[in-house]
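Colleague: could you work out the structure for the sequence below:
(chains A and B)
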There are 2 protein chains.
Amino acid sequence: MDSRKPEKKRKFVKRKQDSISIPALKEGVLNGNRSSLAKAITLIESNAPHHYEWGQELLGELMPHTGNSLRIGITGVPGAGKSTFIEAFGEMLCNQGHSVAVLAIDPSSSLSGGSILGDKTRMEQLSKNPKAFVRPSPTAGTLGGVHRKTNETLLLCEAAGYDIMIIETVGVGQSEVMVRQMVDFFLLLAITGAGDELQGMKKGIMELADAMVVNKADGKNKQLAEKTRRELNQILHFLVPATKGWNSRAYTCSALEKSGLKELWDVINEFDKTTKETGSFQERRMRQKKEWFYTMLKDRILSDFFLDEKIKPAVPRMEEKIKSGDLTTSKAIEELLQLYKKS
Amino acid sequence: MDSRKPEKKRKFVKRKQDSISIPALKEGVLNGNRSSLAKAITLIESNAPHHYEWGQELLGELMPHTGNSLRIGITGVPGAGKSTFIEAFGEMLCNQGHSVAVLAIDPSSSLSGGSILGDKTRMEQLSKNPKAFVRPSPTAGTLGGVHRKTNETLLLCEAAGYDIMIIETVGVGQSEVMVRQMVDFFLLLAITGAGDELQGMKKGIMELADAMVVNKADGKNKQLAEKTRRELNQILHFLVPATKGWNSRAYTCSALEKSGLKELWDVINEFDKTTKETGSFQERRMRQKKEWFYTMLKDRILSDFFLDEKIKPAVPRMEEKIKSGDLTTSKAIEELLQLYKKS
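Modeller: The predicted model follows:
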């Protein structure tokens, strides 16, 4: 019996460690402490209710220190060389004195539990760079949950002082639209090819891009890449630009040979300058804040409903009644709503 | 002054007409009275709260008389000849003694107020057929609203005795998935061509289809259509079938020459028979009922929130506070939720 005591004590200690000091964490994040940042992100990503609350409290404290980075979204079909591109591009930015945070949205993780983007070992070089912070996609929860977690992680990284955010996603599903809603500049990675077969790209995705870059413009592929670039420019010419007052154009680069990256960075800087002058940069940020508010509000309303103690057991009961024909769908819904509002 | 009196009286009469007798309407719909059916659909489609309530009451009354039709979804890219196909196919069914209701989901209408599917004058021939009922897409409201209205219209048409439902949609956006969730059999209309360029089809749409039919297999196009059919069959061979225990295959037809339609109808009948024997027909109907319940429940929860008298003015106020940085998004959301739950 006595042997239990030390175990109990250990458990108690463990629980105490779990109660994090928000002021200390805030301090750590603001000082750019990587382990504080990682801890803060873990809070944001946790599905435990008290972690969520702490995370939100911390985020509220850090809010005044966010918004000061340039947010870049990058997408492309699998095989476009996104990882290699981001490594090379991120290294260049770090060498120029920037600090870069790379986040990922992987729609496959929320659907299957698996991952298209692959494991944490990618971007090994960049991960080791003291000026860079690479965070894989949160894997738990719905796509909406991944959305929230990524957006809040972005804010935490800004508070930690990173001045370039790179949000990466696979060019499938709805995640590109989600990323577009989070970033200032959206870059679409392409590979050589021609016509429709060219990209394996989802329709409508080119309309989201502020620039396209044909990667792997090296060796024998160089000429073909140039040809693809011209073709893409012809298509872009006919599209409504993603950003008011900015002409989306196509470029070439080789992440392997590290060519074309500086030129692309010049384009992004030009975009930053132009859109801040015209005000479309600030406009988009405002609009994004508003969309974000509505997305999160809807998520919160629905989860408050479905996690309600009275509703939880009632929903499957209603489902059965509808199946058996005892109740119409609309009547079941009204009954549930009444039950919720009484509680 | 006296001249006003008759006008007042007219207004009064008008208002009285607006208060519809549900029992009479129920009777009319069950007797297959077209004008009662049209009136019932108008109630369902109306955005006035009292119309909505009457519509739901009527629907509840009619529920036991629904579910007895074969529900067929039809989609295809613009230019695949959907209207001509549905006219020819619908006429054939009517001639065989069936009664056919044709409904449309037009995703463009909810986005732009405009319509890709075109105006009510389409399907002139079929519209005149006493055995057919053609209803254009509801144009007001969100895609979710259009979804609800179409699904409830389908139920009303079943209660009115139509035994074949055809739900048509344009092959763009998310409406195909929506239609797939409403129907037993999903038909994808294709045209001749080759490879990727072939269909202008959205990725993933072939996985939804229980059959594909290459339309316009007439004149010089006949051979090409046959070639396309074979190619489509090769692709279908590699896909997970849309319906358990059923091999989705490609066929050819000419709506213009009215050829291949009977053969296609045989396929649909074979599908009906097979899936009812294996039980996958009934399984899908049950699953659809469940999905429908959750979709409508979420819609209802959100609209109850956003139409709440206290919430309505508070939301833009919170939006301003977030914009100005006075409040974090998550705190604004919590405040709104508290306000809602107090009311």
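
Colleague: in the stretch 51-200 of chain A, which spans are helices?
Modeller: Ranges of helices within the stretch 51-200 of chain A are A:82-95, A:107-112, A:124-128, A:143-159, A:175-180, based on DSSP state H, counting those that start in this stretch.

Colleague: gap between the longest one and the chain center?
Modeller: Helix A:143-159 has its average C-alpha position 6 Å from the chain's average C-alpha position, going by C-alpha atoms, centre = their mean, to the nearest Å.

Colleague: let's see it as CSV, backbone CA atoms only.
Modeller: In CSV, the C-alpha atoms belonging to helix A:143-159 read as follows (Å, rounded to 0.1, in the frame of the first residue of the first chain):
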residue,chain,number,x,y,z
LEU,A,143,-10.4,21.1,-41.8
GLY,A,144,-11.9,24.1,-39.9
GLY,A,145,-9.9,23.1,-36.9
VAL,A,146,-6.7,22.9,-38.9
HIS,A,147,-7.6,26.3,-40.3
ARG,A,148,-8.0,27.9,-36.9
LYS,A,149,-4.8,26.3,-35.6
THR,A,150,-2.7,27.4,-38.6
ASN,A,151,-4.0,30.9,-38.4
GLU,A,152,-3.3,31.2,-34.7
THR,A,153,0.1,29.6,-35.1
LEU,A,154,0.8,32.3,-37.7
LEU,A,155,-0.1,35.0,-35.2
LEU,A,156,2.2,33.4,-32.5
CYS,A,157,5.1,33.3,-34.9
GLU,A,158,4.6,37.0,-35.7
ALA,A,159,4.6,37.8,-32.0
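
Colleague: tell me which of the helices of the stretch 51-200 of chain A sits nearest to chain B.
Modeller: helix A:143-159 (8.8 Å; C-beta to the nearest C-beta). The C-beta positions use only the backbone N, C-alpha and C, and glycine is treated the same way.

Colleague: for that closest one, buried residues please.
Modeller: Across helix A:143-159, burial judged by 16 or more other C-beta atoms under 10 Å in any protein chain shown covers A:143-159.

Colleague: same check, this time on stretch A:24-39
Modeller: Neighbour-count burial for stretch A:24-39, counted by 16+ other C-beta under 10 Å, picks out A:25-26, A:28-30, A:36-37, A:39.

Colleague: please list the residues outside it that contact it.
Modeller: With C-beta atoms under 8 Å, 6 or more residues apart in numbering or on different chains as the test, stretch A:24-39 has contacts from A:20, A:40, A:43, A:58, A:61-62, A:65, A:133, A:156-157, A:159-161.

Colleague: measure it end to end?
Modeller: 11 Å (C-alpha to C-alpha, to the nearest Å).

Colleague: what about that stretch, distance to the chain center?
Modeller: Counting by C-alpha atoms, centre = their mean, stretch A:24-39 comes out at 20 Å from the chain centroid.

Colleague: try stretch A:228-242
Modeller: Distance of stretch A:228-242 from its chain centroid, counting by C-alpha atoms, centre = their mean, is 26 Å.

Colleague: mind checking the pLDDT average for it?
Modeller: Mean per-residue pLDDT for stretch A:228-242: 87.

Colleague: what does that stretch contact?
Modeller: Residues from elsewhere that reach stretch A:228-242, judged by C-beta under 8 Å, 6+ apart: A:180, A:186, A:190-194, A:198, A:206-210, A:212, A:214, A:217, A:247-252.

Colleague: type out the ChimeraX command that picks the buried ones from the residues you listed.
Modeller: Those of the contacts of stretch A:228-242 that count as buried under 16+ other C-beta under 10 Å are selected in ChimeraX with:
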select /A:180,186,190,191,192,193,198,206,208,209,210,212,214,217,248,249,250,251,252
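
Colleague: now for residue A:53, how many residues are close by?
Modeller: For residue A:53, the neighbour count with other C-beta atoms under 10 Å in any protein chain shown is 13.

Colleague: picking up where we left off before, looking at the helices of the stretch 51-200 of chain A, which is nearest to residue B:69?
Modeller: Closest to residue B:69 of these, according to C-beta to C-beta: helix A:107-112, at 33.0 Å.

Colleague: for that closest one, give the mean pLDDT please.
Modeller: Average pLDDT, helix A:107-112: 48.

Colleague: do the same with stretch A:160-167
Modeller: Averaging pLDDT along stretch A:160-167 yields 97.

Colleague: now do stretch A:174-190
Modeller: The pLDDT scores in stretch A:174-190 average 90.

Colleague: which residues in chain A form strands?
Modeller: For chain A, applying DSSP state E gives strands covering A:70-76, A:100-105, A:132-135, A:164-170, A:185-190, A:211-214, A:249-252.

Colleague: chain B is nearest to which of the ones you listed?
Modeller: Closest of these to chain B is strand A:164-170, at 13.4 Å (criterion: C-beta to the nearest C-beta).

Colleague: quick check: neighbours of the closest one in the sheet, parallel or antiparallel?
Modeller: With DSSP bridges as the test, strand A:164-170 is paired with strand A:70-76 (parallel), strand A:100-105 (parallel).

Colleague: let me see the residues that make contact with that strand.
Modeller: Outside strand A:164-170, the residues that touch it by C-beta under 8 Å, 6+ apart are A:69-75, A:77-78, A:82, A:86, A:89-90, A:93, A:98-108, A:116-117, A:150, A:154, A:157-158, A:175-176, A:178-179, A:182-183.

Colleague: just to revisit the earlier point, looking at the contacts of stretch A:24-39, which is nearest residue A:304?
Modeller: Set against residue A:304, the nearest of those by C-beta to C-beta is residue A:43 (20.5 Å).

Colleague: before we move on, back to that, so which one among the contacts of stretch A:24-39 has the lowest pLDDT?
Modeller: Within the contacts of stretch A:24-39, the minimum per-residue pLDDT falls on residue A:20 (80).

Colleague: show me what contacts that residue?
Modeller: The contact partners of residue A:20, taken as C-beta under 8 Å, 6+ apart, are A:39, A:43, A:54.

Colleague: go again using 7 Å as the cut-off
Modeller: Residue A:20 is in contact with residue A:54, counting by C-beta atoms under 7 Å, 6 or more residues apart in numbering or on different chains.

Colleague: next one: residue A:311
Modeller: Applying C-beta under 7 Å, 6+ apart, we find residue A:311 in contact with A:305, A:336, A:339-340.

Colleague: just those residues that are near chain B?
Modeller: Applying C-beta under 7 Å from any C-beta of the partner chain, the subset of the contacts of residue A:311 adjacent to chain B comprises A:305, A:336.

Colleague: for the contacts of residue A:311, which one is nearest chain B?
Modeller: Distance ranking of the contacts of residue A:311 against chain B, using C-beta to the nearest C-beta, places residue A:305 first at 5.1 Å.

Colleague: let me know the pLDDT of that closest one.
Modeller: Residue A:305 carries a pLDDT value of 94.

Colleague: shouldn't it be in contact with residue B:301?
Modeller: Yes - counting by C-beta atoms under 7 Å, residue A:305 does reach residue B:301; the two are 5.1 Å apart.

Colleague: please identify the buried residues of stretch A:318-331?
Modeller: Counting neighbours by 16+ other C-beta under 10 Å, stretch A:318-331 gives A:318-319, A:322, A:327-331 as buried.

Colleague: nearest to residue A:259 among the residues you listed?
Modeller: Ranked by distance to residue A:259 (C-beta to C-beta), the buried residues of stretch A:318-331 are led by residue A:319 at 58.8 Å.

Colleague: ok, now how distant is the closest one from residue A:327?
Modeller: 10 Å (C-beta to C-beta, to the nearest Å).

Colleague: what do you get for residue A:96?
Modeller: With C-beta to C-beta as the criterion, residue A:96 and residue A:327 are 64 Å apart.

Colleague: burial measure for residue A:162, as a count.
Modeller: Residue A:162 - counted by other C-beta under 10 Å - has 23 other residues nearby.

Colleague: rewinding a little: as JSON lines, the strands paired with strand A:164-170 with mean neighbour count and distance to residue A:231 would be great.
Modeller: Compiled in JSON lines, the strands paired with strand A:164-170 are given as follows (neighbours: other C-beta atoms under 10 Å in any protein chain shown; distance: least, C-beta to C-beta, whole Å):
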{"stretch": "strand A:70-76", "mean neighbour count": "24", "distance to residue A:231": "16"}
{"stretch": "strand A:100-105", "mean neighbour count": "26", "distance to residue A:231": "28"}
